Each structure stands twice: as C-alpha cells, then as structure tokens.
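Chemist: Below is the structure, and that's it, no one-letter string:
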C-alpha cells in the first residue's frame with residue numbers, strides 16, 4: 001500500500017510514495033486540491049491519503065474532502081462464479097478475467113465463489129462472457145441482496161448422494177461377500193446409472209475445462225472413473241463373467257466424491273455464517289411517519305430525512321439520530337458490546353441494533369448501502385474474498401497440478417505394463433493416481449481459514465480490511481499507541497485540588513460553564529450542595545469569574561492570576577509539581593489572594609492497564625507516541641504500564657517515529673483514532689483504528705475496532721496468529737497429502753476406492769480444521 005500522494009496546486013502532477021515516483025496523470029474527479037505546504041511533501045504540495053472506499057485529502061491534517069464510494073465502485077466488479085471445484089478452476093477463471101480489456105487484476109476465491117476484478121471501468125458483460133466461455137457460470141454480485149438460500153441445492157446434493165450410496169451398496173456387498181455378487185448385467189446397470197446420471201456433474205465440469213484447454217478435479221474424477229467403468233465393461237462383454245469386474249470401484253468412487261463435496265459445501269456454508277448473520281440483522285421494513293401517519297414501508301423506499309418509529313424490542317432499520325424518546329440499545333452483533341447502552345435525544349443509532357425498552361422517534365441519516373451495517377458487511381465480504389500472500393505458492397502449484405497428475409497417471413500405466421503387470425491392474429493403478437490427486441485441498445486451505453478468522457473477528461467487534469492485514473498482524477512485535485482518545489478517554493478529570501475544602505466553591509462558580517474543565521470540576525463535586533452563582537462571566541483565554549455566597553471569585557490559569565496582580569505564593573511549588581506530573585493547572589482566587597490550585601488530567605480508559613499487561617504476556621513491546629508534554633505522557637504510561645514513551649511529536653513526526661521503530665526489522669502495529677494518527681497508521685506494518693475516531697483513521701487502518709475497548713488489540717493479534725496457524729496447517733496437509741498419496745497410488749498400494757475416499761475427505765479435513773477456529777473464545 002502506498003497511501004501518501006502529494007498533489008500539486010495546478011492539479012496535474014502527482015508525487016507518490018514520498019517522492020519515489022512521479023506520475024503526471026491529472027487527479028481523478030471529486031478530488032479536493034488543498035494548496036500550501038504540508039509535511040512530508042515539499043512546499044506547495046498537499047498531503048493526500050488514498051483510501052478505499054473513501055478518499056480523504058488533508059492539509060495540514062485538518063481538512064477532509066471525502067470521495068464517494070460510487071466513484072471507486074466504477075473501477076471494481078464483483079462476480080459470483082459457479083462451477084468451480086478446485087484450485088485449478090480458480091487459476092483458470094483468474095486467467096480468463098485478466099485477459100478482458102480494461103482489467104488490471106483479477107482475484108478469485110474458491111471458498112466464497114467470488115471474483116473481484118479491478119481495472120479501468122471493466123465491462124460486466126465481457127467479464128461474464130469470458131467466465132462462461134471458460135466453462136463456468138457468472139453473475140454480478142448484488143451487495144444489498146438478502147442472504148442466498150442454499151436449501152434447495154443442499155437438498156438436491158443430498159438426494160444425489162443417497163441415490164449413489166443406495167445403488168453402490170449392492171456392488172460393495174458383492175465385493176465383500178462373493179455369495180451376494182450380482183450378475184454382470186446388473187452390476188453394469190447399477191454402475192452406469194451412478195456413473196453417467198449421478199456423476200454427470202463431473203463430466204459437464206470436466207468437459208468445460210478440457211474445452212478451455214485446462215484441467216480440474218472434475219476432469220480427473222471423470223477420467224479415472226470412466227477408465228474403471230470402461231475396463232469393467234470391456235471385461236464383462238469379452239468374458240460374460242460377473243467376477244473380476246471393477247464396477248464397484250467406479251460407482252463407489254463417484255459416491256465418495258459426492259459425499260466429500262456435500263460435506264465440503266456444508267462446511268463452506270458454516271465459514272460464511274458471520275456474513276449471513278450480519279445481513280439478517282437488517283429489517284425488511286421500517287415504520288415511517290409521514291404527515292403524522294405511521295406506515296409500514298419497505299426498507300428500500302426509506303429516504304434520508306424520513307422519520308422512523310421504533311417500538312421496544314424491534315430492530316432499528318436505519319442509521320439515524322434520536323429525535324424523541326430514550327432506550328437501551330443493544331448493538332452487540334455490530335460492536336461486540338456485551339450490554340445494551342442507554343441512548344437519548346440527539347444520540348446516534350445504527351441499523352441492525354435492537355431497541356430493548358424504549359419508544360424511539362429517529363431521523364434517518366443513512367439508508368441501504370450507506371448504513372454502518374452495510375459498510376461492515378462490505379468490509380467483511382471484501383476481506384473474506386481477498387487473497388493472503390501465503391496463498392501464492394498454492395496458486396503456482398495448482399496452475400500445473402492437473403497436467404502433472406495426468407502425466408504421472410500415464411507414466412504409471414506405461415511402467416506397470418512394461419514390467420509385465422496385467423492390463424487390468426495397471427489401469428486400476430493409473431485410476432488411483434487420477435482420483436487421489438486433490439487440488440481442492442490446496443484451493444481451500446487459505447480462503448476457508450480467512451473466512452472463519454475474519455468472521456470470528458467481526459463477531460467480536462473487529463473489522464479486518466483484507467487477508468493481507470490478517471496475515472501481517474500475526475507477526476507484530478511492537479504495538480505503538482496514540483495517547484489521547486486511545487489509551488485515555490480524551491476527557492479531562494479533576495486529578496487533585498489543594499486544599500480540597502474549596503471544591504464546592506469551584507464547582508458553584510462554574511455551574512454555568514460548558515468548558516470541559518468546568519464539567520470535570522462539577523463531576524468531582526457531585527453529591528455536594530452548591531451555592532448559586534451570580535454575575536457569572538467567561539473571560540476568553542483566561543477563565544471565569546462570578547459571585548458565590550456574596551464573595552467575588554475567579555478561576556483560571558496563571559495568566560489570569562498575573563493579570564489581576566495575584567501572587568501564587570505557596571501555591572507556585574504545588575502548581576509546578578502538578579505540571580511536572582502532566583496535569584493542566586488552574587487556580588481559584590478572590591481579590592485578596594489565591595485560595596486553591598486545581599490539577600486536571602486525562603483519564604485512563606477502563607481496562608487499558610489490563611490490555612497492556614496482556615500484550616506484554618503475548619511477548620509484545622509497547623510504545624506511546626503523543627504530542628503531549630513529557631510529564632503528561634509519562635504519567636499515563638506509568639499508570640498503564642507502557643514500556644517507552646515518545647512525547648511532543650507532531651503528526652508527521654508520528655509517522656517518522658513508526659519508521660524508526662521498524663528500522664531494526666521489528667513488525668510494528670499502530671493504534672490510533674484521530675486525523676493526526678492517519679500518517680502513522682499508514683506507515684505502520686498494520687494500522688489499528690479505534691471506532692468513534694475519524695473516518696480518515698478508520699479508512700487508513702488495516703483493522704478497525706468497533707468499540708473503544710483496548711483488549712480488542714490483543715484479540716485482533718491473537719485471531720491473526722490462530723488464523724495464520726490454521727492456514728499453514730491446511731497448506732501443509734494439502735501438500736503432504738498429495739506428495740504421499742500420489743506415489744502410494746502409483747506404486748499400487750491404494751485401491752481406487754480407498755483413493756477416492758481419501759481424496760474426498762482431504763478437502764473436508766482442511767475445511768474442518770479451519771472451522772475449529774470458531775471454538776476460540778478469547
């Protein structure tokens with residue numbers, strides 16, 4: 001990712017990657033060019049963060065011009081692809097899509113049966129035609145469509161499996177007990193139905209691959225079972241005997257493969273459970289109030305600005321702002337928050353959350369694809385459809401897998417015949433080679449683990465942008481934190497007042513102030529009886545003044561005391577000590593002199609100390625990067641247990657600090673929430689944004705935490721570690737299975753039936769191993 005792009009004031013020159021490359025393309029539409037100097041770009045350039053689905057342009061880190069998702073969507077197309085059965089199919093579909101004019105990249109995922117195409121306005125019709133010509137089916141993905149109902153397909157597959165098992169059972173019985181062996185014609189009839197009716201799917205898919213001069217698992221199955229069936233038919237017609245036939249091999253092979261594909265489909269449905277659960281959160285209708293009348297309206301007809309009525313126990317159908325009413329909102333499926341949170345007038349709510357106990361009137365602010373729920377679904381779908389870098393080896397192997405297996409099968413047949421083995425046995429050995437080879441496991445090992453991992457993360461309130469981010473996070477060695485709003489609440493609290501008996505006077509004086517420090521004083525004085533204040537005045541940049549209990553009082557900074565000629569006296573040392581500890585200092589005074597000194601400090605987030613302790617237990621080093629002074633930074637660091645601190649860092653300096661942390665080869669994660677954190681998030685190996693922060697931070701990061709719970713940082717890294725482990729396990733077993741199974745089959749140690757059963761169960765075991773991730777509870 002190269003997120004930093006500098007755009008010249010004339011809007012034509014684009015300087016990318018901090019000056020490593022120069023591109024003279026004019027900027028795309030909807031781009032705001034912000035003139036003036038900005039770091040790390042040269043003077044006269046504007047710093048830009050290239051984001052998807054939002055593009056934000058900032059200079060100097062305080063102006064944002066969002067780019068709509070629609071503009072980016074014009075350059076990407078997502079297709080649902082049917083008919084793929086193995087990694088070789090994936091490679092074939094990627095190849096034909098890449099050849100379509102305008103396409104710059106195509107990525108196909110076997111587990112999700114999706115293709116993600118990027119380019120210069122790729123033509124949908126040409127893409128679909130290319131996939132269909134290659135022997136597969138394709139259609140555009142409907143992002144807002146309800147979850148697909150696979151019940152009919154599952155029922156059909158199960159019926160095919162049962163029929164194949166019933167028809168194959170007499171053939172198996174005859175093989176096990178010669179007394180039950182059927183006549184040759186009966187064996188031929190039963191095996192032929194299994195082969196050409198129930199196994200027709202393998203011929204259709206195999207023919208499509210052969211016609212496209214490619215190969216796949218179906219072609220191997222079709223060739224192998226046809227060879228066994230053909231050999232048996234030839235022997236039966238030549239001899240007329242019922243013994244010495246291999247019809248049970250071809251029939252049981254088809255049955256085992258059907259069984260494996262059925263189990264695999266069921267397992268793959270389970271991996272997509274997170275997406276299905278999220279999509280089902282959105283109600284189909286909303287109760288809209290128009291002209292004083294409440295009407296049940298299809299969700300597609302609701303518009304921004306509409307007033308929606310939500311009753312207790314109902315799901316909220318839109319993103320919006322509460323106009324009237326109060327209730328506890330359960331957003332656990334979206335944020336992972338364990339308990340409902342009280343919401344009232346003016347608070348924002350999101351579609352899919354549950355109004356547990358209130359009657360709410362909500363003004364709609366976003367509908368359909370623009371809701372938070374829809375954005376989360378898109379993000380999880382994109383992450384599950386993306387490819388991890390570790391998948392590249394499997395892709396390279398699968399590209400030549402089928403031709404190599406066909407070559408080994410032919411060589412097996414030729415060698416056995418050359419050394420004098422009976423033709424029937426030589427054919428069966430070659431058949432075993434064809435049917436035991438399984439490119440399916442190679443194609444499923446990575447995407448199934450990614451689907452389960454990203455789904456598990458989403459249920460815990462962790463959104464992972466893509467497979468690369470998921471894979472990178474497992475290797476993190478250093479976690480750098482922003483301070484304000486990340487480790488702390490970003491809300492001042494009264495840390496101390498000396499002497500404390502003046503707390504009631506300070507709170508009474510500030511009863512009419514909306515300043516954050518005034519709110520902190522009032523919060524500290526909750527429960528105290530406060531006298532009324534009169535003659536209240538706000539003195540900008542200094543403080544406030546007023547009369548409490550007939551006495552004139554002033555509360556403000558040191559400049560206010562100096563302006564009024566009040567010496568700090570004994571309070572000067574106390575104020576200096578507070579400042580050294582990182583507190584903001586104010587003074588309470590009367591015309592005769594200073595009465596008290598107050599120290600304000602940011603409040604550490606609940607659970608921050610435990611979260612840092614957990615990261616240390618995982619073997620990770622922690623660093624704080626902040627623009628605050630050394631005293632405030634060290635105070636917070638000591639409270640939560642941060643290993644090291646870098647204070648007084650400007651926004652551009654945070655990115656430099658991250659680069660320095662990476663200089664020794666360490667893999668660095670950056671956790672932040674603000675616009676000023678965006679460069680550091682992009683500069684880190686993996687950026688982790690806290691929800692509730694700015695969109696810029698969230699769009700720059702590879703991982704977004706949907707609630708401000710710092711324990712999710714450790715959860716995200718742990719999920720990445722476990723997912724990466726499952727990917728490696730799956731790839732190991734997929735390679736080991738083929739490397740061991742093919743030679744054993746070629747040497748005659750595996751019958752076609754055992755080979756078929758092993759092939760069917762190999763992909764199921766890989767998917768099943770990935771599904772074990774769902775047992776993790778954190």
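Modeler: Sure, I can see it. Keep in mind that what you see is a predicted model, and the values were worked out from it rather than measured.
Chemist: And the most centrally placed residue in the chain, its phi and psi?
Modeler: Central residue of the chain (C-alpha atoms, centre = their mean): residue 464, 2.6 Å from the mean position. Phi and psi for residue 464, reported as degrees, to the nearest 10, are phi -110, psi 130.
Chemist: show me the contacts for residue 118.
Modeler: 75, 76, 103, 104, 105, 106 (C-beta atoms under 8 Å, 6 or more residues apart in numbering). All C-beta atoms are positioned from the backbone trio N, CA, C, and that covers glycine.
Chemist: could I get the residues you listed as a markdown table with pLDDT and distance to residue 557?
Modeler: As requested, those are arranged in a markdown table below (pLDDT from 0 to 100; distance: C-beta to C-beta, whole Å):
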| residue | pLDDT | distance to residue 557 |
| --- | --- | --- |
| 75 | 76 | 53 |
| 76 | 81 | 53 |
| 103 | 90 | 62 |
| 104 | 89 | 58 |
| 105 | 86 | 57 |
| 106 | 88 | 61 |
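Chemist: Adding secondary structure, write those residues out as a markdown table.
Modeler: Shown next, in a markdown table, are the contacts of residue 118 (DSSP: H, G, I helix; E, B strand; the rest coil):
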| residue | secondary structure |
| --- | --- |
| 75 | coil |
| 76 | strand |
| 103 | strand |
| 104 | strand |
| 105 | strand |
| 106 | strand |
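Chemist: Which among these count as buried?
Modeler: Burial by neighbour count, 16 or more other C-beta atoms under 10 Å: within these this picks out 75, 76, 103, 106.
Chemist: helix or strand for the nearest residue to the last one once chain neighbours are set aside, which one?
Modeler: Nearest non-adjacent residue to residue 106, counting by C-beta to C-beta, 6 or more residues apart in numbering: residue 97, 3.7 Å away. Element membership of residue 97 [criterion: DSSP states H and E] is helix 87-98.
Chemist: for that helix, the distance to its chain's centre please.
Modeler: Relative to the centre of its chain, helix 87-98 is centred 24 Å away, using C-alpha atoms, centre = their mean, to the nearest Å.
Chemist: Give me the packing partners of it, helices and strands only.
Modeler: Helix 87-98 is packed against strand 103-109, strand 114-119, helix 124-133, helix 200-211, helix 391-418, helix 439-459, with contacts defined by 3 or more C-beta pairs under 8 Å, 6 or more residues apart in numbering; DSSP states H and E.
Chemist: Next one: the residue nearest to residue 106 from residue 75, what distance?
Modeler: With distances taken as C-beta to C-beta, to the nearest Å, residue 97 is found 15 Å from residue 75.
Chemist: before we move on, back to that, list just the nearest of the buried ones among the contacts of residue 118 to residue 356.
Modeler: Lowest distance from residue 356 to these (C-beta to C-beta) belongs to residue 76, with 38.3 Å.
Chemist: Next, the contact list for the closest one, please.
Modeler: Remark: with contacts taken as C-beta under 8 Å, 6+ apart, residue 76 is in contact with 116, 117, 118.
Chemist: ok, the residue nearest to residue 613 when sequence neighbours are not counted to residue 648 distance?
Modeler: Take residue 613 and drop its neighbours on the chain: the residue closest to it by C-beta to C-beta, 6+ apart is residue 641, 6.1 Å away. To residue 648, residue 641 is 21 Å away according to C-beta to C-beta.
Chemist: Same check on residue 569?
Modeler: 30 Å.
Chemist: circling back to that earlier point, how about the contacts of residue 118 in TSV, adding distance to residue 352?
Modeler: As requested, these are exported to TSV (distance: C-beta to C-beta, whole Å):
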residue	distance to residue 352
75	29
76	25
103	35
104	35
105	32
106	32
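Chemist: Give me the buried positions along stretch 287-301.
Modeler: Within stretch 287-301, the residues that count as buried by 16+ other C-beta under 10 Å are 287, 288, 297, 299.
Chemist: contacts for that stretch?
Modeler: Contacts of stretch 287-301 with the rest of the structure, by C-beta under 8 Å, 6+ apart, involve 282-286, 302, 306-311, 317-318, 361, 367-368.
Chemist: Stretch 534-545 now?
Modeler: 509-513, 515, 518, 546-547, 552-557, 559-560, 563, 586.
Chemist: Show me just the buried residues among these.
Modeler: Neighbour-count burial (16+ other C-beta under 10 Å) is assigned, among those, to 509-511, 513, 518, 546, 553-557, 560, 586.
Chemist: Could you identify the most distant pair in those?
Modeler: 511 and 557 (19.7 Å).
Chemist: Show me what the one helix or strand residue 519 maps to packs onto, helices and strands only.
Modeler: Assessed by DSSP H and E, residue 519 sits inside helix 516-524. Contact here means 3+ C-beta pairs under 8 Å, 6+ apart; on that basis helix 516-524 packs against strand 488-498, helix 503-509, strand 593-604.
Chemist: so of the ones you listed, which one's packed in deepest?
Modeler: helix 503-509 (a mean of 22; mean count of other C-beta atoms under 10 Å).
Chemist: So which other helices or strands are in contact with that helix?
Modeler: Packed against helix 503-509 by the contact rule (3+ C-beta pairs under 8 Å, 6+ apart) you find helix 516-524, strand 533-539, strand 543-548, strand 551-556, strand 584-590, strand 593-604.
Chemist: Take these and lay them out in TSV including distance to residue 255.
Modeler: Formatted as TSV, the helices and strands packed on helix 503-509 follow (distance: least, C-beta to C-beta, whole Å):
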stretch	distance to residue 255
helix 516-524	71
strand 533-539	83
strand 543-548	84
strand 551-556	84
strand 584-590	76
strand 593-604	62
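Chemist: Of all those, which one is nearest residue 138?
Modeler: Across the helices and strands packed on helix 503-509, residue 138 has its closest neighbour in strand 593-604 (52.9 Å, C-beta to C-beta).
Chemist: Tell me the strands beside the closest one, with direction?
Modeler: Its sheet considered, strand 593-604 pairs with strand 488-498 (antiparallel), strand 584-590 (antiparallel) by DSSP bridges.
Chemist: Tabulate those strands (TSV), appending mean pLDDT.
Modeler: Below are the strands paired with strand 593-604 laid out as TSV (pLDDT from 0 to 100):
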stretch	mean pLDDT
strand 488-498	86
strand 584-590	91
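Chemist: now these in a markdown table, with distance to residue 155?
Modeler: Putting those into a markdown table (distance: least, C-beta to C-beta, whole Å) gives the following:
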| stretch | distance to residue 155 |
| --- | --- |
| strand 488-498 | 54 |
| strand 584-590 | 68 |
